[in-house]
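Trainee: With the sequence up front, the predicted model follows.
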Amino acid sequence: MFGTQRRSKNKLVQRERDRIKKDEEMVERIAVLESIRNVMQKAEFECSAQASSAKALELWQSNQRREAQLAQQALILVRRTTLAALLKQEEEQYRRELQHWGLSMYKQRV
């Protein structure tokens with residue numbers, strides 16, 4: 001009687017030890033998986049940060065190109081306006097010189 005109780009008790013103790021061992025292994029596995037998950041989250045965050053940095057850089061370059069185009073268009077408009085004013089000024093000077101000599105410009109009537 002005592003022998004069977006002892007064997008049963010030993011089996012129960014052994015089962016409990018096995019459960020504790022399995023639980024400890026599970027805790028270790030969970031810790032490893034959590035560590036891997038944290039590393040993956042960091043990597044994902046860094047990749048998204050790099051991607052957003054790349055997008056920001058691309059947007060900045062696009063804005064720079066657009067600003068350069070607008071500046072060039074503005075420069076062309078300024079040149080045209082300046083040349084038109086210069087042409088008008090030269091035409092007026094030429095008209096005054098002709099008037100000084102008693103001559104005039106021919107203007108075609110439309």
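Mentor: Great, that's in hand.

Trainee: ok, so what distance separates Gln72 from Glu58?
Mentor: When distance is defined by C-beta to C-beta, to the nearest Å, Gln72 is 21 Å away from Glu58. C-beta coordinates here come from the backbone N, C-alpha and C atoms, glycine included.

Trainee: sec struct for Ser104, please.
Mentor: What DSSP: H, G, I helix; E, B strand; the rest coil gives for Ser104 is coil.

Trainee: measure the nearest residue to it once chain neighbours are set aside to Ser52 for me?
Mentor: Spatial nearest neighbour of Ser104, chain neighbours left out: Leu98 (6.0 Å); criterion: C-beta to C-beta, 6 or more residues apart in numbering. As judged by C-beta to C-beta, Leu98 and Ser52 stand 68 Å apart.

Trainee: which intervals of the chain have sub-threshold pLDDT?
Mentor: Scanning the chain with the threshold set as pLDDT under 70 gives 1-6, 8.

Trainee: please redo it, this time with the cut-off set to 50
Mentor: Scanning the chain with the threshold set as pLDDT under 50 gives 1.

Trainee: What segments of it are helices?
Mentor: Ranges of helices in the chain, per DSSP state H, are 2-100.

Trainee: okay but the residue nearest to Ser104 is in contact with Glu92, surely?
Mentor: No. The criterion here is C-beta atoms under 8 Å, and Leu98 misses it with Glu92 at 10.8 Å.
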